[in-house]
Every structure is written in structure tokens, then in C-alpha cells.
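Visitor: Sequence and predicted structure below; questions after.
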Amino acid sequence: MPMRGKFPIRRTLKYLEAGKVHLRENVRILTINYTRFGKQSQGTRDFVFWHLPQLQFKNPIVQMQTFQDITPSPFIRAFLADGGEVLIDIDGKDKSEILERLNKVLGKSEDLLLAERHTEQKLHNPSNFGFENPRKCICVVPGQVPCPLLNVLPKELRGKFKESLKDRSLKPELEELPTYPNFKKILKEEQRLKELEEKH
């Protein structure tokens with residue numbers, strides 16, 4: 001981007017992202033009234049020049065308008081979603097005082113911003129699974145084991161089969177067995193028949 005015009009630093013992304021005022025959701029329109037000449041509006045003129053671009057960047061859904069030379073004293077008027085209005089007197093204040101006052105009256109608190117950032121990170125974390133997250137189960141991720149509800153798992157991946165393999169004496173017999181849905185019952189029946197033969 002060519003660095004032309006008066007103080008082109010105001011149009012850089014780094015400068016715009018450095019803004020600290022996040023207006024509440026119920027603020028719809030923000031108007032700034034000031035005069036182009038005189039000491040009373042000097043701080044307001046500096047605020048509009050330096051901080052209004054940051055304010056617009058951080059609050060894209062809020063309509064912002066400046067009115068020059070309509071009233072003798074500068075003020076900020078905010079129109080809320082419920083039809084109410086908020087007037088902020090900024091007569092004789094410098095740009096930093098105006099920014100602090102605007103943040104205190106119409107801005108979100110630090111705790112609220114921290115909570116919003118935390119929930120946003122939670123939502124965008126790809127390792128989260130469950131009903132409140134975009135992915136309900138890990139089985140939808142490519143390369144993972146499919147859901148046993150949809151696809152029947154092979155016998156090597158089932159817990160019952162692994163437990164029966166713990167007994168080393170039964171391992172060769174289990175490998176030879178066909179994959180019946182109730183192969184444990186068949187195995188127990190065979191063991192019982194062998195024990196009966198040994199007793200007689």
C-alpha cells in the first residue's frame with residue numbers, strides 16, 4: 001500500500017487493530033458533533049483524526065457519522081437498539097480523555113472481552129468434540145476409527161476379544177475360530193465339554 005496522504009500510518013492494519021474500544025451490542029449509531037475551529041473542539045478534532053478509524057475498524061456494524069459546525073459545543077450521541085439515546089459531553093477534553101470516557105460509558109468491560117475471547121477460542125479449537133462443538137464425534141475426522149454404530153469393528157479392535165486373548169492357552173484356539181457374533185459362548189461350551197471328557 002502506498003504511504004501517501006496525511007499521516008498514512010492511520011490506514012495501516014497494525015494501527016487499526018491497536019484500537020481498544022469495543023462498543024456494546026446495543027449501540028447502533030454513533031454521531032460526533034464538533035466545530036472545525038476553536039479550542040473547545042481541539043480534542044474532538046484530534047479524536048476524530050486519530051481514533052475514529054480504529055473505532056470503525058473494531059465496530060464494523062455500528063454506523064458512525066461526524067457533524068461539523070452544527071453546534072457550538074462538541075458532544076457524542078449514541079442511538080441504542082431499544083430506541084434510547086446516550087449523550088456524552090466532551091467539551092474541552094483531549095483525545096485520550098474522550099477515548100476513556102467513551103470506553104467507560106459505551107464500551108465493553110475487560111472481563112466481558114476476556115470471556116468473549118475465551119468462548120471464541122473454545123469454538124474454534126479443532127481438538128474439541130461433543131454436542132456443543134462443530135464435530136460431534138472423533139470418528140468424522142479422516143484417518144480415525146469409524147463409529148461402531150455405523151461400521152462393525154473387526155474383532156481385533158473389540159475389548160471382549162482382547163480380554164479373551166489374555167489367557168495364553170486359549171490364544172491358538174481363538175485364532176482358528178470363525179468370527180461368530182457369539183464366539184465366547186461357543187468357546188465356553190467347548191471348554192466345558194473338554195472338562196467333562198477329562199473327568200470321565
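Guide: That came through, no problem. For clarity, every value in this text was computed on a predicted model and none was experimentally measured.
Visitor: quick check, residue 192 in a strand?
Guide: No. Counting by DSSP: H, G, I helix; E, B strand; the rest coil, residue 192 is not found in a strand; it is helix.
Visitor: hang on, residue 10 packs against residue 53?
Guide: Yes. Counting by CB atoms under 8 Å, residue 53 is a contact partner of residue 10 at 5.3 Å. Using the backbone N, CA and C atoms, a C-beta is placed for each residue, glycine as well.
Visitor: Common neighbours of these two, please.
Guide: Contact with both residue 10 and residue 53 is made by residues residue 16, according to CB atoms under 8 Å, 6 or more residues apart in numbering.
Visitor: Return the set of buried residues in stretch 146-153.
Guide: Residues of stretch 146-153 classed as buried: none (neighbour count, 16 or more other CB atoms under 10 Å).
Visitor: Show me where this protein dips below the pLDDT cut-off.
Guide: Residue ranges of the chain with pLDDT under 70: 1-3, 122-123, 162, 166-184, 186, 200.
Visitor: Which stretches in it count as strands?
Guide: Using DSSP state E, the strands of the chain run over 27-34, 63-68, 75-80, 85-89.
Visitor: tell me the angle the third one makes with strand 85-89.
Guide: By that I understand strand 75-80. Angle of strand 75-80 versus strand 85-89, following axes from the mean of the first three to the mean of the last three CA atoms, to 10 degrees, is 160 degrees.
Visitor: Can you give the contact residues for strand 75-80?
Guide: 26-33, 85-91, 98, 102, 106.
Visitor: Work out the gap between stretch 37-48 and the centre of the chain.
Guide: When distances are taken as CA atoms, centre = their mean, to the nearest Å, stretch 37-48 is centred 38 Å away from the chain's centroid.
Visitor: Would you mind writing the CA trace of it as CSV?
Guide: Output in CSV follows, covering the C-alpha atoms of stretch 37-48 (Å, rounded to 0.1, in the frame of the first residue of the first chain):
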residue,chain,number,x,y,z
PHE,A,37,-12.2,25.9,14.7
GLY,A,38,-11.7,26.9,18.4
LYS,A,39,-10.1,25.4,21.5
GLN,A,40,-13.2,23.7,22.8
SER,A,41,-13.2,21.2,19.9
GLN,A,42,-9.5,20.7,19.6
GLY,A,43,-9.5,17.4,21.5
THR,A,44,-12.6,16.2,19.5
ARG,A,45,-10.9,17.0,16.2
ASP,A,46,-7.8,15.0,17.3
PHE,A,47,-10.1,12.2,18.4
VAL,A,48,-11.8,12.0,15.0
